[in-house]
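*Asks:* task: produce atomic coordinates for the following.
(chains A and B)
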Amino acid sequence: MLPLRRSIVATLFLLATAAAAQQPRATILLDPAHGGPDAGAHLANNVLEKDVTLAFAARLRAALGGANFAVLTTRDADPAAAMPPDQRAGIANHARPAACLVLHATDSGNGVHLVASALTAGASQRTIPWDTAQAASIPQSLALAIQIDAAFVRARIPALLLRAHLRPLDNLTCPAIAIELAPLDNPGGSPTPVTDPAYQQQAAEAIARALTAWRAQPAPPPAPQPASPATPSTGAAP
Amino acid sequence: MIPRYQRILFWSLAAAIVLVAAFLFHAHRQTLRRLAAPADETPIAAPGATSTQDVTLYLANDADGTVAPSQASLALPDDPTSRARTLLDHLLSSYAQPGSAHPLQSGPAVEDVFLVPNTPSTDTHSTDKTETAIVNLTSTFCDRHPSGILVETLTIRSIVQTLHADFPRVTAVRFLVDGQPRETLAGHADLTRTYSATTENQQPTAGN
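*Replies:* Numbers count the residues shown, from 1 in each chain, chains lettered A, B, ... in the order given. Predicted coordinates for the structure are as follows:
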């Protein structure tokens, strides 16, 4: 009797392991903004935004990898030529990730700025206008932004949620937000710069926790056909 | 023996030389002081003889990411396009004042503002009186604008909402820089699209 019970337990264990192994890992696409001749903002102490976004992307990639996410990036180094927003959006749309995070850094403001597209939410269409490709994913993008905002609240990092017209954010077909790191005000002391490794690590871990919780939520509607820059634009007005 | 008239002439010429030297020294000092003074590029105020009127300025705040209305009294020209330009000049120069919640550098910011009807003038049956404002910014303003998504978006939102508040017919705003299309304001906010003046009131929906 005992061998039979052992074999049942072993079988159940193997089935559970196989099920866990077959569970698809959500793919997150990171877009460290700027790069090459496009240095982005010139931050304090002669730091360039393109270098901060690349360093932050590396930390975020490690944190997301630890949370069992598959991570893609639009660039892993400083490219020789500038990467136009359309090229970044093309990479992201063809990868069909679960979420896209566009990374920026600035000297203005306090804490982290979470930016969702200012496009008006629209229904999924068969043909997606390139300039308003993000419109069909606005509800999912806002839900993602609110989830990450809540994670920053728990991590005691001030976060500000806003909507803006930004490329390539408006051209992405996946749930997408831009995350802009700003210096962290310290009461009675000098602000923590965006280059601070501890600050970046804390932000990266908060984002990884938020995405883990977001992944556990019901899946959003299937993504529409990927748009490409060659798609004729039907107007830029939101 | 030097004649008396020659002595008088000599001393008169000597006195004239001293006076001219003193005048030139004074003028030299004045010129140096004027050149050394910091250039005040604040736009010239509208003529004082024009009667003032109350306007609504939407002022940005970097700390909380908001754009809030504020009342002001301004002397504005009668011509609508000149009035819109003066209004935006006043709005953007207010951000150069010390203690501004959205600090920008002083200097000329707006080259022109054009108000274009949304319906072609050939369509005489249309009752649509709405307009699109085309704001032609200076490249100096854009090049000196702080770079970042939040700070650039707030500047655009401030311009769009101020125009809509004081020119209710303006329902959309487009931007040019030195008369040409430009991709971004200072590396982030998209300047290639038309901004709707009626949906730019989007404020943060969450935050801490």
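*Asks:* so who does residue 143 touch?
*Replies:* Answering for chain A, as no chain was given. With contact set as CB atoms under 8 Å, 6 or more residues apart in numbering or on different chains, A:A143 has these partners: A:175, A:214, A:217. Using the backbone N, CA and C atoms, a C-beta is placed for each residue, glycine as well.
*Asks:* hm, I was asking about chain B
*Replies:* By CB under 8 Å, 6+ apart, the contact list for B:D143 reads B:A186.
*Asks:* low-confidence stretches in chain B?
*Replies:* B:37-50, B:121-126, B:200-208 (pLDDT under 70).
*Asks:* do the same with chain A
*Replies:* Applying pLDDT under 70 to chain A picks out residues A:1-25, A:123-125, A:219-238.
*Asks:* got the buried residues for stretch A:54-65?
*Replies:* Buried residues in stretch A:54-65, counted by 16 or more other CB atoms under 10 Å in any protein chain shown: A:54-61, A:63-64.
*Asks:* which members of the contacts of A:A143 are positioned in helices?
*Replies:* Under the assignment DSSP state H, those contribute A:W214 to helices.
*Asks:* now, which of the buried residues of stretch A:54-65 sits nearest B:L57?
*Replies:* A:F56 (35.9 Å; CB to CB).
*Asks:* of the buried residues of stretch A:54-65, closest to chain B?
*Replies:* Minimum distance to chain B across those is 14.6 Å, recorded for A:F56 (CB to the nearest CB).
*Asks:* I figured the closest one hits A:H104, correct?
*Replies:* No. Counting by CB atoms under 8 Å, A:F56 sits too far from A:H104 to count as a contact (9.3 Å).
*Asks:* identify the residues contacting B:G107.
*Replies:* B:41, B:96, B:138, B:140-141, B:144.
*Asks:* which ones are touching A:L72?
*Replies:* Shown in contact with A:L72 (CB under 8 Å, 6+ apart): A:27-30, A:91, A:95, A:97.
*Asks:* beta partners of it?
*Replies:* Note on A:L72: beta-bridge partners by DSSP bridges are A:L29.
*Asks:* which residue is nearest the middle of chain A?
*Replies:* In chain A, the centroid-proximal residue (CA atoms, centre = their mean) is A:L101; its distance is 1.8 Å.
*Asks:* any idea how far that residue is from chain B?
*Replies:* A:L101 sits 13 Å away from chain B, going by CB to the nearest CB, to the nearest Å.
*Asks:* any idea which of the buried residues of stretch A:54-65 is closest to B:P168?
*Replies:* Nearest to B:P168 among the buried residues of stretch A:54-65: A:F56, at 43.3 Å, using CB to CB.
*Asks:* show me what contacts the closest one?
*Replies:* So A:F56 contacts A:32, A:103, A:105, A:181, A:200, A:203-204 (CB under 8 Å, 6+ apart).
*Asks:* put together a markdown table for those residues, with distance to chain B on each row.
*Replies:* Formatted as a markdown table, those follow (distance: CB to the nearest CB, whole Å):
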| residue | distance to chain B |
| --- | --- |
| A:P32 | 14 |
| A:L103 | 11 |
| A:A105 | 8 |
| A:L181 | 10 |
| A:Q200 | 17 |
| A:A203 | 14 |
| A:A204 | 19 |
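*Asks:* mark which of those residues are buried, thanks.
*Replies:* A:32, A:103, A:105, A:181, A:200, A:203-204.
*Asks:* A:L160 - that's part of a helix, no?
*Replies:* No. Secondary structure of A:L160 (DSSP: H, G, I helix; E, B strand; the rest coil): strand, not part of a helix.
*Asks:* distance check, it against chain B.
*Replies:* Distance from A:L160 to chain B, counting by CB to the nearest CB: 5 Å.
*Asks:* A:A99 now?
*Replies:* A:A99 is 18 Å from chain B, by CB to the nearest CB.
*Asks:* so what sits opposite that residue in the bridge?
*Replies:* With DSSP bridges as the criterion, A:A99 is bridged to A:I28.
*Asks:* residue contacts, it?
*Replies:* By CB under 8 Å, 6+ apart, the neighbours of A:A99 are A:26, A:28-29, A:144, A:174-176, A:211, A:214.
*Asks:* so can I have TSV of those showing neighbour count?
*Replies:* TSV is the format used below for the contacts of A:A99 (neighbours: other CB atoms under 10 Å in any protein chain shown):
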residue	neighbour count
A:A26	19
A:I28	26
A:L29	24
A:L144	26
A:C174	24
A:P175	24
A:A176	31
A:L211	24
A:W214	20
